[in-house]
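K.L.:
Just need the structure, nothing else, for what follows:
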Amino acid sequence: MSTARFRVIHAGPYVTFQDGGRPGHMRFGVCASGPMDRTSFAAANLSTGNQADATSIEVSMGGLALECISGAITVAICGGDFNINCGDESYSSGVVTTINSGQQLSIRPGKSGSWCYLTFAGHVDVPQWLGKTATHALSGFGGGVLTSGQEFDILNSRAQSELNGPIPAFQARKFGGHLRVVLGPQEQHFTAAALKQFLGSEFTLSDAYDRMGVRLKGPSLRFGGALSIPSEPVLKGSVQVAGDGVPTILLADHQTTGGYPKIATVISADIDDFTQLRPRQKIRFHAIEPKSAIMLARVRAIERRSYLETLFQ
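P.N.:
Next up is the predicted model:
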């Protein structure tokens, strides 16, 4: 069996190994982690002939540079608008290419997008935690955070130049800055004025943005009573509000419980698109009913499945 080996030349913050996630452990205090943008992650994997949840590298805006020190292997890069250099060739994100021994691969942020995914035609040989390689970035548990000088292997590597070429875009992505939410479960803890501000004001993503969540800049949302509530489960997309009135949207590495009131929850159909926004971009919240959120989740699941099916026909 062939093996390709890589050396990390540079890895920015929050560049991690991720698989499809680690569900089923929240009752033990372990969040699922996994990719910030699940659709781009799956698309990159399928484009290299892998299972949709295979171990890959999630690249942040800090960028990544690798050297292939042995072997040859086909790779895919998909996600935000990142600039890719592989050997003497340059590409935009959304591409499959083949890298040979001695060549370097660099991925740098382009005009838009916060995350992209580098997948390999083969098995990424990195540590598991609780049976998964998904990395919890703060603790480093899982496949791990990539660091300069690190080396890793791709087992059963395949160089399949016939796969080289562009990856079709997911056309259902039409995020226009309006983030759909279901109010609650603790909207009753906020004043009527705060709820009006939440739904009627423009918010800006701050630089306090990582895999755990992103704090927003905007009007302070005032509470109508006591701040503290009993700790209870939270999930990806929860919009919790701390004592300073600042809302935070929780993301892939969110804590499993929290005692801050949650004014709303971002619907699952919008969360992947939202994660690709960058600090200083602006959003507005639009409230919908739970039954509408369920319908939109079903529609997005059908759109996503149809898109992904085109990548491995």
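K.L.:
When you work out contacts or count neighbours from here on, use the C-alpha atoms and nothing else.
P.N.:
OK.
K.L.:
Please report how far the residue nearest the centre of the chain lies from E58.
P.N.:
Note on the chain: the residue nearest the mean C-alpha position is M36, at 1.2 Å, using Cα atoms, centre = their mean. Remark: distance between M36 and E58 (Cα to Cα, to the nearest Å) = 8 Å.
K.L.:
What does the closest residue in space to G29 that isn't next to it in sequence show for phi and psi?
P.N.:
The spatial neighbour of G29 that comes closest, neighbours along the chain excluded (Cα to Cα, 6 or more residues apart in numbering), is T256 at 5.7 Å. Recorded main-chain torsions at T256 are phi -90, psi -20, according to degrees, to the nearest 10.
K.L.:
dump the residue contacts of the closest residue to M36 other than its chain neighbours.
P.N.:
Closest residue in space to M36, ignoring its immediate chain neighbours: A252 at 5.8 Å, by Cα to Cα, 6+ apart. Under the criterion of Cα atoms under 8 Å, 6 or more residues apart in numbering, the contact list for A252 reads 31-36, 211-213, 236.
K.L.:
those helices in the stretch 1-150 of the chain, which residues are they?
P.N.:
Assigned by DSSP state H, counting those that start in this stretch, the helices in the stretch 1-150 of the chain fall at 38-47.
K.L.:
which regions of it lie under the pLDDT threshold?
P.N.:
Residue ranges of the stretch 1-150 of the chain with pLDDT under 70: 1.
K.L.:
picking up where we left off before, show the contacting residues for the residue nearest to G29.
P.N.:
Residues 26-27, 29-31, 233-235 are the ones in contact with T256 under the rule Cα under 8 Å, 6+ apart.
K.L.:
which among those gets closest to L179?
P.N.:
Of all the contacts of T256, the one with the least separation from L179 (Cα to Cα) is L235, at 16.5 Å.
K.L.:
My understanding was that that closest one contacts I249; is that so?
P.N.:
No: assessed by Cα atoms under 8 Å, L235 is found out of contact with I249, at 9.8 Å.
K.L.:
More neighbours: which of the two?
P.N.:
I249 (24 against 21; other Cα atoms under 10 Å).
K.L.:
In which helix or strand does that one reside?
P.N.:
For I249, the host element (DSSP states H and E) is strand 247-250.
K.L.:
Counting by contacts, list what the following helix or strand past that strand packs against.
P.N.:
Of the helices and strands lying after strand 247-250 in sequence (DSSP H and E), the nearest is strand 257-258. In this structure, strand 257-258 packs against strand 232-233, with contacts taken as 3 or more Cα pairs under 8 Å, 6 or more residues apart in numbering; DSSP states H and E.
K.L.:
quick revisit: in the contacts of T256, which residue is surrounded by the most others?
P.N.:
Neighbour counts for those peak at C31, which has 23 neighbours (criterion: other Cα under 10 Å).
K.L.:
Pop the domain breakdown of this structure in here.
P.N.:
The record's domain parsing of the chain by automatic domain parsing lists 3-166, 178-309.
K.L.:
Of those, which is nearest A172?
P.N.:
Ranked by Cα to Cα, the member of the domains of the chain that lies closest to A172 is domain 178-309, at 6.8 Å.
K.L.:
and N83, what is it in contact with?
P.N.:
With the criterion set at Cα under 8 Å, 6+ apart, N83 makes contact with 90-93, 107-110.
K.L.:
L66 now?
P.N.:
6-10, 104-106.
K.L.:
Narrow the residues you listed to those in strands?
P.N.:
6-10, 104-106 (DSSP state E).
K.L.:
ok, of those residues, which come out buried?
P.N.:
Buried by 16 or more other Cα atoms under 10 Å: 6-10, 104-106, out of the ones in strands among the contacts of L66.
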